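Novice: Okay, sequence plus prediction incoming.
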Amino acid sequence: GTSSARSVRLLRGADAAYDQSYFLAAVRGEALAGALFPLGGMLKSEVRRRAEALGLHVAQKKTSTGLCFVGRRRFGDLLGAYASGGLEEGCFVDVSSGEAVGRHHGAARYTFGQRARLGGSREAYFVAGKDIASRVVYVAREGEADALLTRGAAAGRFSWVGGAPPAEALSSPGGLRCEFKARYATPSARCIVWDAASVHAPRLRPSLLWRASDDALHRVGAMTAGDGRRGVVVTFEQPAKTITPGQMLVLYSGEECLGGGPIEHIGQSVLEERQAATQHARMAAGATQSMV
């Protein structure tokens, strides 16, 4: 029951390079209560030494870093077999100029921060967002890294390992201070978290580079599964890079993994904030001139 879930704590593995808490974050505490992780306190080098001492043939087996269940298949072919949309040809659009700078073979084949190879272009471009419905992949030049940065995000169907969010996330105006990871192979960074239903949760201005629906935040706050899971709103202490809808947002307090949920909505990019500030300044200047 809930009491057993609240007595469960999920900790990071001793070997930071192979810690699996990011993938376990959405598992409910009731299920973890009956799980054992005998390798959690060991380094992989130590596991190999013990396996070798026992004569196990996998002791020096090469470490797998890819999707082992995919095999020797091109990732684009895998998407083509399973994706229900986003595989139609469309345009690469420059986030600064708003102009088309090339053609792509399906927006679903690209993810945030990925190198976008534009035929004939001498400049390096990176994916900064996409609009599946319009078949647009937004790209930024290498010198426009702020297009890949955002100050906040919201995750839905958030699963707290302890069964419920900490009191600070529900009732404190200042929210819950902790750490987050939005990708497996990245270090955690500091953030502030609110339950999406909290009156203190900040309202994030949506990034137009991802075309989130107008009610995205409402859906995150109201998204209550049969087991009572709701969403969270997170602001990052420092602008975070390549926060991507669909990826898991996982929270930590020191060595303890608090829980996780899929990112549904991201705030404006730092580039969009700068563009809005520039536009506002021009409008203000124009209004001042017209009054003179």
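Specialist: Here it is on my side, so go on.

Novice: Just the pLDDT for Ala153.
Specialist: pLDDT, Ala153: 95.

Novice: wait, doesn't it sit right on Leu249?
Specialist: Yes: taking C-beta atoms under 8 Å as the definition, Ala153 is a contact partner of Leu249 at 6.4 Å. For the C-beta atoms, the positions are set from N, CA and C on the backbone; glycine is no exception.

Novice: Now for those two: what residues contact both?
Specialist: Ala182, Val234, Ile243, Ile263 (C-beta atoms under 8 Å, 6 or more residues apart in numbering).

Novice: show me where the protein has helices.
Specialist: 2-6, 21-24, 29-32, 44-53, 75-82, 167-171, 216-222, 270-291 (DSSP state H).

Novice: Which of the ones you listed sits closest to Glu89?
Specialist: Nearest to Glu89, of all the helices of the chain, is helix 75-82, at 13.0 Å by C-beta to C-beta.

Novice: out of the shared contacts of Ala153 and Leu249, which are inside strands?
Specialist: Those of the shared contacts of Ala153 and Leu249 mapping onto strands are Val234, Ile263, per DSSP state E.

Novice: Looking at the shared contacts of Ala153 and Leu249, spot the one nearest Glu99.
Specialist: Ile243 (25.6 Å).

Novice: shaky segments in the stretch 1-150 of the chain?
Specialist: 1-6, 65-66, 68-69 (pLDDT under 70).

Novice: ok so, going back, okay if I get the helices of the chain as a markdown table plus mean neighbour count?
Specialist: Output for the helices of the chain, formatted as a markdown table (neighbours: other C-beta atoms under 10 Å):
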| stretch | mean neighbour count |
| --- | --- |
| helix 2-6 | 13 |
| helix 21-24 | 18 |
| helix 29-32 | 17 |
| helix 44-53 | 13 |
| helix 75-82 | 12 |
| helix 167-171 | 17 |
| helix 216-222 | 19 |
| helix 270-291 | 12 |
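
Novice: can you pull out the strands in the stretch 51-200 of the chain?
Specialist: 90-94, 100-104, 115-116, 125-131, 136-141, 149-155, 159-160, 176-181, 189-195 (DSSP state E, counting those that start in this stretch).

Novice: out of those strands, nearest to Gly80?
Specialist: Among the strands of the stretch 51-200 of the chain, strand 100-104 comes nearest to Gly80, with 13.9 Å by C-beta to C-beta.

Novice: can I get the strands of the stretch 51-200 of the chain in JSON lines with distance to Ala17 and mean neighbour count?
Specialist: Converted to JSON lines, the strands of the stretch 51-200 of the chain look like this (distance: least, C-beta to C-beta, whole Å; neighbours: other C-beta atoms under 10 Å):
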{"stretch": "strand 90-94", "distance to Ala17": "35", "mean neighbour count": "20"}
{"stretch": "strand 100-104", "distance to Ala17": "34", "mean neighbour count": "16"}
{"stretch": "strand 115-116", "distance to Ala17": "25", "mean neighbour count": "16"}
{"stretch": "strand 125-131", "distance to Ala17": "26", "mean neighbour count": "24"}
{"stretch": "strand 136-141", "distance to Ala17": "30", "mean neighbour count": "25"}
{"stretch": "strand 149-155", "distance to Ala17": "25", "mean neighbour count": "25"}
{"stretch": "strand 159-160", "distance to Ala17": "25", "mean neighbour count": "22"}
{"stretch": "strand 176-181", "distance to Ala17": "14", "mean neighbour count": "20"}
{"stretch": "strand 189-195", "distance to Ala17": "18", "mean neighbour count": "21"}
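
Novice: Including distance to Leu79, could those go into TSV?
Specialist: Below are those laid out as TSV (distance: least, C-beta to C-beta, whole Å):
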stretch	distance to Leu79
strand 90-94	15
strand 100-104	13
strand 115-116	16
strand 125-131	14
strand 136-141	14
strand 149-155	23
strand 159-160	27
strand 176-181	24
strand 189-195	29
